[in-house]
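Colleague: no sequence on this one, just coordinates:
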């Protein structure tokens, strides 16, 4: 039996909304360091960005950096979700309704661990998919 591999692509808020993790690196299947003579293979960190068909390291629970949608300001403690721009995030929207704060029901990627100003490209997030 073959293990099922997920098809990983950039999430957005319209078409690809099922976030399964945050890509934290590219992996290559190559000869294991120190095992050249035996030819033993292993997955190892690879340089450069991941491309379609590459193996990737996913953070599904823990700290990772995510890209922010251009012009987005984020406060520490805010939950983030996929934005309209594939591969970028934004804060969940909230509204006040009859004195209650109501938050949109989009999938949360995680909680911002730091505040980010407009123009900042990356923010640290505690990934807790829900």
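Modeller: All right, it came through fine. Treat the numbers as computed from the prediction; the structure is a model and nothing was measured.
Colleague: off-centre distance for the longest strand along the chain?
Modeller: What stands out as the longest strand in the chain, according to DSSP state E, is strand 22-31. Its chain's average C-alpha position is 15 Å from that of strand 22-31, according to C-alpha atoms, centre = their mean, to the nearest Å.
Colleague: listing partners with orientation, what would you give for the helix or strand just after that strand?
Modeller: Elements were assigned by DSSP states H and E; along the chain past strand 22-31, the next helix or strand is strand 41-46. Looking at strand 41-46 with DSSP bridges, its paired strands and their directions are strand 22-31 (antiparallel).
Colleague: got the buried residues for the strand it pairs with?
Modeller: Neighbour counts using 16 or more other C-beta atoms under 10 Å place 22, 23, 24, 25, 26 of strand 22-31 among the buried residues. No exception for glycine: its C-beta is placed from N, CA and C like everyone else's.
Colleague: please apply the same query to stretch 41-49.
Modeller: Neighbour-count burial for stretch 41-49, counted by 16+ other C-beta under 10 Å, picks out residue 46.
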